[in-house]
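Q: Provided below are the primary sequence and the corresponding predicted coordinates.
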Amino acid sequence: MGAEAAGSGPALRELLREAETSLLECKVCFERFGHRQQRRPRNLSCGHVVCLACVAALAHPRTLALECPFCRRACRGCDTSDCLPVLHFLELLGSVLRPGPAAPRAAPAAPGVLTCQHAFGGWGTLVNPTGLALCPKTGRVVVVHDGKRRVKVFDSGGGCAHQFGEKGDAAQDLRYPVDVTVTNDCHVVVTDAGDRSLKVFDFFGQIKLVLGGHFCLPWGVETTPQNGVLVTDAEAGSLHLLEVDFPEGVLRRTERLQAHLRRPRGVAVSWLTGAIAVLEHPLGPGACSSTTVKVFSASMQLIGQVDSFGLSLFFPSKITASAVAFDHQGNVVVADTSSPAVLCLGKPEEFPVLKPIVTHGLSHPVALTFTKESSLLVLDSAAHSVKVYKVDWG
């Protein structure tokens with residue numbers, strides 16, 4: 001009995017931590033619900049719950065009309081009500097969630113297991129985001145989304161530094177941005193599925209180059225260690241390398257690296273080995289949610305691949321990969337929208353050595369990137385936010 005009680009301690013703490021993140025936190029501002037007026041949980045007419053401060057921020061100042069940030073259902077701020085279950089839950093767990101002065105220190109988590117340290121963005125700041133990148137020089141986070149200004153730049157603390165890329169039909173505007181990368185000299189490169197082009201901006205938002213007519217449907221984009229740009233063409237089934245004079249805004253050379261891919265979308269490059277990972281979404285009977293990860297060497301030789309069926313042999317639930325990245329050790333990491341989770345597949349030559357590294361707190365992860373400090377940034381489209389994961393040492 002004593003052993004069972006001792007073993008239940010970490011499990012209980014993990015359950016309480018998950019409850020605090022998933023149930024006791026406003027998913028618009030990411031502040032914890034509380035009994036104070038501005039933090040009180042409020043029911044919208046659709047059943048979703050946000051804090052009173054966010055109700056006030058979302059509501060029209062005169063009509064009090066607002067739109068649910070999650071399902072878009074219309075309601076009025078004056079029609080909201082206290083969410084009594086959450087308030088009662090806060091009272092019930094209040095003493096448990098506050099660590100006592102003599103509480104024993106939790107055992108360190110195993111290396112590689114990540115927990116969410118903080119999040120930024122939220123509905124209104126980001127709207128249905130699709131792409132994520134880091135500026136290698138400044139460490140700032142760049143996100144493309146469906147807002148009036150399509151490119152949002154955040155500082156290292158999660159505050160919005162600036163934004164650009166107007167929504168519109170002009171050549172320099174962004175119609176439907178899909179992915180983004182930041183080059184070694186701080187130029188922002190965006191794939192625009194709306195007019196099937198690639199657009200290059202300087203870091204302050206001035207347009208430098210528009211490449212239209214080169215792609216059928218440009219999708220994933222990534223910067224190489226040599227400051228080239230990799231682009232997948234989902235419709236043509238190809239992978240391209242572009243060499244651009246970014247200060248001058250001139251395309252110097254293009255090379256088609258692969259021509260027989262199956263609806264390639266995400267692309268990543270390892271700065272350790274130069275390997276390139278491509279995420280395929282093949283069409284065909286029963287393949288509507290099937291995905292394949294292919295990894296090529298720097299010389300474009302196939303060195304590893306695994307599909308959803310192969311991963312299902314090692315994981316208890318179906319896996320649908322939505323994004324791919326390399327960590328600093330050269331391991332392939334994918335986001336999974338079915339679980340949802342983030343999974344490490346190991347090095348390409350060892351495929352698949354499957355290890356879940358994030359299993360809690362995600363709704364619909366669509367993009368990944370690692371910082372220089374080995375923190376993992378996950379773009380959660382359903383939560384309209386960027387979530388920062390780090391190793392938890394207790």
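A: Alright, I've got the coordinates.

Q: Quick one: neighbours of residue 325, just the number.
A: Residues lying near residue 325 (other Cβ atoms under 10 Å) number 25. Just so you know, the C-beta spots here come from the backbone N, C-alpha and C atoms, and that holds for glycine as well.

Q: typo on my end, it should be residue 357
A: Residue 357 has 17 neighbours, counted by other Cβ under 10 Å.

Q: Check the one 5 residues further on too.
A: Residue neighbour count, defined by other Cβ under 10 Å, stands at 21 for residue 362.

Q: how would you label residue 54: helix, strand or coil?
A: The three-state assignment at residue 54 reads helix, by DSSP: H, G, I helix; E, B strand; the rest coil.

Q: Isn't residue 304 up against residue 295?
A: Yes: in this structure residue 304 lies within contact range of residue 295 using Cβ atoms under 8 Å: 4.3 Å.

Q: Where does pLDDT dip in the stretch 251-394 of the chain?
A: Residues of the stretch 251-394 of the chain that meet the criterion pLDDT under 70 lie in 284-289, 314-316, 392-394.

Q: next one: the stretch 1-150 of the chain
A: 1-22, 61, 93-112.

Q: can you give me the helices in it?
A: 2-22, 52-58, 84-97 (DSSP state H, counting those that start in this stretch).

Q: Send over stretch 71-88 as CSV, restricted to the C-alpha atoms.
A: What follows is stretch 71-88, C-alpha atoms only, in CSV (Å, rounded to 0.1, in the frame of the first residue of the first chain):
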residue,chain,number,x,y,z
CYS,A,71,-16.2,28.5,-32.9
ARG,A,72,-17.1,32.1,-34.2
ARG,A,73,-20.6,31.9,-32.8
ALA,A,74,-22.1,35.4,-32.1
CYS,A,75,-23.2,36.4,-28.6
ARG,A,76,-23.2,39.4,-26.3
GLY,A,77,-21.0,40.3,-23.4
CYS,A,78,-24.0,40.9,-21.2
ASP,A,79,-25.3,37.4,-21.8
THR,A,80,-22.3,35.7,-20.4
SER,A,81,-22.4,34.0,-16.9
ASP,A,82,-20.0,32.7,-14.3
CYS,A,83,-18.8,29.2,-15.1
LEU,A,84,-19.6,27.6,-11.7
PRO,A,85,-17.9,24.3,-12.4
VAL,A,86,-14.6,26.0,-12.9
LEU,A,87,-15.0,28.2,-9.9
HIS,A,88,-15.9,25.2,-7.7
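
Q: got the buried residues for it?
A: Within stretch 71-88, the residues scored as buried using 16 or more other Cβ atoms under 10 Å are 75, 77, 80, 83, 86.

Q: JSON lines please, covering the residues you listed and showing distance to residue 42.
A: Listed next are these as JSON lines, based on distance: Cβ to Cβ, whole Å:
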{"residue": "75", "distance to residue 42": "11"}
{"residue": "77", "distance to residue 42": "9"}
{"residue": "80", "distance to residue 42": "4"}
{"residue": "83", "distance to residue 42": "6"}
{"residue": "86", "distance to residue 42": "10"}
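
Q: one step back: more neighbours, residue 304 and residue 295?
A: Using other Cβ under 10 Å as the criterion, residue 304 and residue 295 rank with residue 295 on top: 25 against 20.

Q: give me the number of residues near residue 313?
A: Residue 313 has 9 neighbouring residues, counting by other Cβ under 10 Å.

Q: now it: how far from residue 306?
A: 10 Å (Cβ to Cβ, to the nearest Å).

Q: neighbours of the closest residue to residue 82 other than its chain neighbours, just the number please.
A: In this structure, residue 82 finds its nearest non-sequential neighbour in residue 40, 6.1 Å apart by Cβ to Cβ, 6 or more residues apart in numbering. Residue 40: 19 surrounding residues under other Cβ under 10 Å.

Q: ok, residue 40 - contacts?
A: 33, 34, 51, 52, 82, 87 (Cβ atoms under 8 Å, 6 or more residues apart in numbering).

Q: Spit out the contact partners of the closest residue to residue 53 other than its chain neighbours.
A: Excluding the flanking residues, the one nearest residue 53 by Cβ to Cβ, 6+ apart is residue 38, at 4.2 Å. Residue 38 makes contact with 51, 52, 53 under the criterion Cβ under 8 Å, 6+ apart.

Q: do the same with residue 322
A: Applying Cβ under 8 Å, 6+ apart to residue 322 gives the contacts 266, 279, 291, 334, 335, 336, 337, 364, 365, 366.
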